[in-house]
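J.: Okay, sequence plus prediction incoming.
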Amino acid sequence: MLGYFRKGVEQFRSALEMAPHNHSAYFGLASALLAWSRNCVTTGAFGWAANLLKEASEAAKICASLTKNLSCVWKLHGDVQLALARCFPWVDEKIKRGVDAQMFKDSVQEWRNAILSAANGAKLSYQRALHLTPWEANVHNDAAICLDLIYSMDDNNRHDPNVWELSEKMSLGALILEPVNKDFWVTLGSMSSDLALKQHSFIRALHLDMSLSEAWAYLGKIYRQSGDKQLAKEAFDRARSIDPSLALPWAGMSAENYHQSGGSTVNESFESCLRAAQILPLPEFQIGLGTIAARTGNLLSPQVLMAVRQAVHRAPHYPESHNINGLVSEVRSDFQSAIRFYQQARSALGMMKNSKSDNKYVFADVSVNLARSLYKAGLATDAVRECEELRSQGLLSIDGLQIYALALWKTGRSEEALSVSRNLAENLSGMKPESAGVALGFICTLTYAISGKDSAAAVIHKLPGQLNYSSQLKFIISALDALHPNKRLQLPQLSMPPRLTSYEVMSEVHSNIALGKAIEGEMDKPLRVDASLSYLKKVLHMYPDCSLVRNQLGSLLLWSGDWMASHKAIRVTSLTHGHTSSMGLRSAHQIQASAMVCCYATCTSYPKFSFPTCEHQYLSGHDEIHHLQRWVHREPWNQDARYLLVLAIFQKAREEKYPKHMCIILKRLIMQVLSNASNSHENKVVQYEVFLLLLLSSEICLQSLDYENCIAQAIEALRRTASRCVDTFFAHFQLCRAYAVKGDLLNSRNEYMNCLKKHANTEMGWVMLKHLESACSLETCSDEIYKNLRECIERNGSDLSKWTSLFNLVSAQCFIGDENFASAEEALAQACAEGDPDSCILFLNGATCMEIARRFAAPQFISRAAPSLRKAQQKSHASLPLVSLLLAQAEGSLGSKTKWEKNLRLEWFSWLPELRPAEVYFQMHLLARQSAAAASQQNQLVETMQSPESWLLRAIHLNPSCSRYWKALLQLMDA
């Protein structure tokens, strides 16, 4: 009674364990399971509810066998079976892509038979209860409801309007026993097929209780079907005011608003139908919700997705449920699933008993949807076949003509496509303005793609006058101008008056103009991003809240290759907690995630793993991962969201040195994304994503010391991608690393030579190859690597000085690894001479000079080290550890005790307290002993916080294996 169904079921099961033959415990268990299943149905868990009801049915059967002739037990069993018949879901796991229509029909028929079996079982139980207690009116009423369900599901039943159905007779039997029961009158009205009897029943129920909301709702439905909209509205309003939690009035108001003109009424219709489907998840309400969502553009809504999928499971014999399910899959770009659902919709149409002439227009609509999905899935030939079949039957609609023309063009039949577009143009004058604008845009776009810009302009010139001020046309003109900005369309008569220019249209026009400035009419040359960026910055001042402009500006910033572009792009775009616009070249989520994983611009947010050297840190990796997780939860079908989430988590794992738990998470996520990835060989973006995911999986295996799987994943990346679509340099590079770590030097050298043969367009690849060359002791081809790097820089128009400086830095690291300090110092000097050197380069140069001075007793190198270390200290946005320590040693060697003390104090504050190494404490011990500060100032200096002995003991505690510390302690004790 309190709603704790699980607790009640557990208690009854415990009772049965103590008394296995207690009929009361079985009765209570069946009742609790029935109540629990009803709660599951309201939340949409139909499969769970069916399992509970099956268990309840078994419990009720055992109870009936124990009690024999108790009417209430048989009625309970009938209630359980009836509830099972109402909620039993259709499971389509056996129906996969490519399965014929007969298998689908057999599956639906099997589901129908299961429902009829449960309903007939309920009927027999109600008959047994009536045999025992024929005076129980409730049993008559329940039997009537059960019979009505059987008649609705059994195709063999044919209704004769002159003959009373058995369900109506049973309902009348209940009324004979209790003529003043208002609910029985509502039941009679809801199942009767006679309009007069229906109306009389509901009015009679209202005579008994004027506040009966169900009767008002059903009356509203009758009035609406008869065309009396005013009475229908009044009835629905009364029902809603009496009981706002009743679903039928909301559904009725939704249907009323749907057929009215105006965008606001359609949105109200969607909200009302959504409310109805949430209150009572009937397939009819859910299908209606999907139909309205297709008109309002809400098919991506998670509520619509859930409702439509439930409608398919509850009513697989309804063609509309499969058709709407196909539309939902199509907007999610899951075209293979959409094709399957449209085929199921046609199979469901074939199962209907109506004549083919009655269903031909519905069949044509579904076939057009199927052709569209076939085209989007890359199956243009199949799409042409579908359209030609419809055309031969005279059922090809305006939308079908557009798909037909597109599919013809895709298959190389351009002349036929133009002929179809001309047929479409002839019908423009007879279309509605909105449809005409869409058709016009299609004609111009197709004509441009086939015949070029001049032909598209000629089409626009020939348009009827009433279409000249279409916003769609304005957008098309700007798009055509963007493709060839040096040869603009001269169409002054089509200029749009300011009063007709909407905010959205003008932002799209400016977006096209910016793209035109980037293209500048040269399709085979790199984009001129600078001109486009300059224009978009000006537009942003006019439209500061425009998501399209902001997203496009952020996308072009990332495209520009600027070293600070990622930080700028993050500031331009913004993520909100609600819906985030996906307009533009990339969505805000894609821009933020791409900025996060930029290998040369990412800043660590965890100082315990590394030290940030970048001056601009606008993004927290944790926040971005949180945003991506919300995006995945909101759009679980979105492959881009999952792909970007994998990249973001991988970046975090790389930063944290690949902890085991993150590697496990990444392996699972990558497996999920790869299992759902499209196998299209035409989509280069998808191929690149698959290629990169396989390389990420290979890297995780490498970091986990799983060398066999590491090599297998890299080879799989090479196998699954075509070299003409994806630069396979990094796959060979990964194999080279893996073989080298494994000790297979022969294969490692072979992959190294493969890398040299690949003309990679990524500068970082050549820099990394140089580092690998030394680390793996491979044959030196530095000149060839540097030559390829220069060619890559010239092709991409990148900053020569920065990449040359980075290459020299890596060369110096290689020389240091070989203990060739002279060559390392020379390479670092060249790196420092390239423009404005980075603080890391200056730091490494100073450290190398100090090491040369120590090893070879060359004091002149200390004079070279000090300036580099000073510059590194000045250029670092945050205090960079070890820089001040080395500089203190250099200044002390040069005789400046004051600077030595100053830099040691700076070194102390450069470290987080929990990360300070033993050497810092040892240096503070020296500073405490040698400090020349005045006694009045000592309380303000960090070294005076402890005695020299305390500093030294802390250093020994952190690193007890250092003999130098122990010697210093002995000297201190002797003193």
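T.: Right, received. Where do you want to start?

J.: Check which helix or strand Pro20 maps to.
T.: Using DSSP states H and E, Pro20 is not contained in any helix or strand.

J.: Kindly tell me how buried it is, as a neighbour count.
T.: Using other CB atoms under 10 Å, Pro20 has 10 neighbouring residues. Yep, even glycine has a C-beta here, placed from its N, CA and C like the rest.

J.: and it, what pLDDT?
T.: We note a pLDDT of 84 for Pro20 in this prediction.

J.: do the same with the one 3 residues further on
T.: His23 is assigned a predicted lDDT (pLDDT) of 87.

J.: what residues are up against it?
T.: Shown here is His23, whose contacts under the criterion CB atoms under 8 Å, 6 or more residues apart in numbering are 63, 66-67, 73.

J.: and the closest residue to it other than its chain neighbours, what element?
T.: With CB to CB, 6 or more residues apart in numbering as the criterion, His23 has its nearest non-adjacent residue at 4.1 Å, and that residue is Leu66. Taking DSSP H and E as the criterion, the element that holds Leu66 is helix 46-67.

J.: tell me what that helix is packed against?
T.: Here helix 46-67 is seen to pack against helix 23-43, helix 71-87, helix 302-314 when contacts are counted using 3 or more CB pairs under 8 Å, 6 or more residues apart in numbering; DSSP states H and E.

J.: Setting aside sequence neighbours, what's the nearest residue to Asn709?
T.: Here the nearest residue to Asn709 in space, its sequence neighbours aside, is Cys701; by CB to CB, 6+ apart that works out to 4.3 Å.

J.: State the helix or strand in which that neighbour lies.
T.: Residue-wise, Cys701 maps onto helix 684-703 under DSSP H and E.

J.: before we move on, what about Ala712?
T.: helix 707-720.

J.: Buried by neighbour count: which residues of stretch 945-956 qualify?
T.: Along stretch 945-956, these residues count as buried under the neighbour rule (16 or more other CB atoms under 10 Å): 946, 948, 951-956.

J.: and if you look at stretch 700-719?
T.: 700-703, 707, 709-718.

J.: Go through these and name the one nearest Gln592.
T.: When the buried residues of stretch 700-719 are compared for distance to Gln592, the smallest value, 23.5 Å, is given by Ile700; criterion: CB to CB.

J.: what residues are up against the residue lying closest to that closest one once chain neighbours are set aside?
T.: What sits nearest to Ile700 in space, not counting adjacent residues and going by CB to CB, 6+ apart, is Cys663, at 5.0 Å. With CB under 8 Å, 6+ apart as the criterion, the residues that contact Cys663 are 653, 700, 703-704.

J.: Tell me, how many residues neighbour His925?
T.: Other residues lying near His925 total 25 when counted by other CB under 10 Å.

J.: can you check Lys123 too?
T.: Other residues near Lys123 number 21, with proximity taken as other CB under 10 Å.

J.: surely it meets Leu147?
T.: Yes - with contact defined as CB atoms under 8 Å, Lys123 reaches Leu147; the gap is 6.6 Å.

J.: Would you agree the residue nearest to His23 is in contact with Tyr26?
T.: Yes - between Leu66 and Tyr26 a contact is recorded at 6.9 Å, counting by CB under 8 Å.

J.: Could you check which of these two has the larger neighbour count?
T.: Shown here are Leu66 and Tyr26; by other CB under 10 Å, Tyr26 has more neighbours (28 against 15).

J.: re the thing from before, which ones among the buried residues of stretch 945-956 map onto helices?
T.: In helices, defined here by DSSP state H, the members of the buried residues of stretch 945-956 are 948, 951-956.

J.: re the thing from before, what mean pLDDT does the helix or strand that contains the residue nearest to Ile700 have?
T.: Secondary structure assignment for Cys663, by DSSP H and E: helix 660-676. Averaged across helix 660-676, the pLDDT comes to 90.

J.: The residue nearest to Asn709: what's it in contact with?
T.: 707, 709-710, 713.

J.: Check what pLDDT it gets.
T.: The per-residue pLDDT reported for Cys701 equals 94.

J.: wouldn't Phe922 be in contact with Leu952 here?
T.: Yes - Phe922 is within contact range of Leu952, at 6.7 Å (criterion: CB under 8 Å).

J.: Output the below-cut-off pLDDT ranges for the stretch 551-700 of the chain.
T.: Using pLDDT under 70 as the threshold, the predicted model of the stretch 551-700 of the chain has low-confidence ranges 561-563, 574-585, 598-623, 678-683.

J.: rerun that using 50 as the cut-off
T.: Scanning the stretch 551-700 of the chain for pLDDT under 50 picks out the ranges 577-579, 600-602, 618-619.

J.: Please enumerate the helices of it.
T.: Listed in chain order, the helices of the stretch 551-700 of the chain (DSSP state H, counting those that start in this stretch) span 565-572, 588-596, 621-634, 639-655, 660-676, 684-703.

J.: give me the element the residue nearest to Ile203 when sequence neighbours are not counted is part of.
T.: Setting aside the residues directly before and after it, Ile203 is nearest to Leu219 in space (CB to CB, 6+ apart), at 7.5 Å. Assigned by DSSP H and E, Leu219 belongs to helix 213-225.

J.: Could you figure out how far whichever helix or strand comes after that helix is turned away from helix 213-225?
T.: Taking DSSP H and E as the definition, the helix or strand that follows helix 213-225 towards the C-terminus is helix 229-242. Computed by axes from the mean of the first three to the mean of the last three CA atoms, to 10 degrees, the angle separating helix 229-242 from helix 213-225 equals 160 degrees.

J.: So Arg634 sits against Pro302, correct?
T.: Yes - using CB under 8 Å, Arg634 is in contact with Pro302, at 6.6 Å.

J.: What is the least confident helix or strand in the chain?
T.: Across the helices and strands of the chain, mean confidence by mean pLDDT, DSSP states H and E is lowest for helix 471-483: a mean of 63.

J.: and after that one, which helix or strand comes next?
T.: Beyond helix 471-483 on the C-terminal side, the first helix or strand identified by DSSP H and E is helix 503-519.

J.: Sounds good, over and out.
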